[in-house]
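Q: Take a look and give me a structure for this.
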Amino acid sequence: MKRATVYFDEELHRALKVKSAECETSLSEIVNQAVRDALAEDLSDLADIEARKNEKPISYESLLKKLKASGRI
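A: Below is the predicted model of the structure:
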């Protein structure tokens, strides 16, 4: 494990300390999990973009018509 210095807003730090106490886990573990989750979401988004790169573009107006026709909006 590597050590890093991170600066938090006072309110955010207080909230992290409270969550840490409630969950009986370290502040570092909470931050590590949040970073893992954010990176995983980014990877998922990139995979979706790659999978859809060959799709035909659609205009905003066409998308709205399609959503309205299907009853989604």
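Q: Residues touching stretch 56-70, excluding its own?
A: Counting contacts by C-beta atoms under 8 Å, 6 or more residues apart in numbering, the residues outside stretch 56-70 that touch it are residue 73. To be clear about C-beta, it is placed using only N, CA and C from the backbone, and glycine gets the same treatment.
Q: Please report how far the residue nearest the centre of the chain lies from residue 61.
A: Nearest to the mean C-alpha position of the chain, counting by C-alpha atoms, centre = their mean, stands residue 38 at 4.6 Å. Counting by C-beta to C-beta, to the nearest Å, the separation of residue 38 from residue 61 is 33 Å.
Q: just residue 2 next, same as before
A: Looking at residue 2 against residue 61, where the rule is C-beta to C-beta, the gap reads 50 Å.
Q: Compare neighbour counts for the two and give me the winner.
A: Legend: neighbour count by other C-beta atoms under 10 Å for residue 2 and residue 61, higher for residue 61 (8 against 3).
Q: Backbone torsions only: list them for that one.
A: For residue 61, the backbone dihedrals are phi -60, psi -40 (criterion: degrees, to the nearest 10).
Q: Please apply the same query to residue 5.
A: phi -100, psi 130.
Q: and the gap between it and residue 13?
A: As defined by C-beta to C-beta, residue 5 lies at a distance of 13 Å from residue 13.
Q: now do residue 60
A: Taking C-beta to C-beta as the criterion, residue 60 is separated from residue 13 by 41 Å.
Q: returning to what we had before: okay, residue 5 and residue 13: which has more neighbours?
A: residue 13 (13 against 4).
Q: Show the pLDDT at the more buried one.
A: At residue 13, the model reports a pLDDT of 98.
Q: Secondary structure element holding it?
A: With elements taken from DSSP states H and E, the one containing residue 13 is helix 10-23.
Q: what's that helix packed up against?
A: helix 27-51 (3 or more C-beta pairs under 8 Å, 6 or more residues apart in numbering; DSSP states H and E).
Q: tell me the mean pLDDT over the helix it packs on?
A: Across helix 27-51, the per-residue pLDDT values average to 95.
Q: what sits up against that helix?
A: Outside of helix 27-51, the residues that reach it under the criterion C-beta under 8 Å, 6+ apart are 6, 16-17, 19-20, 23.
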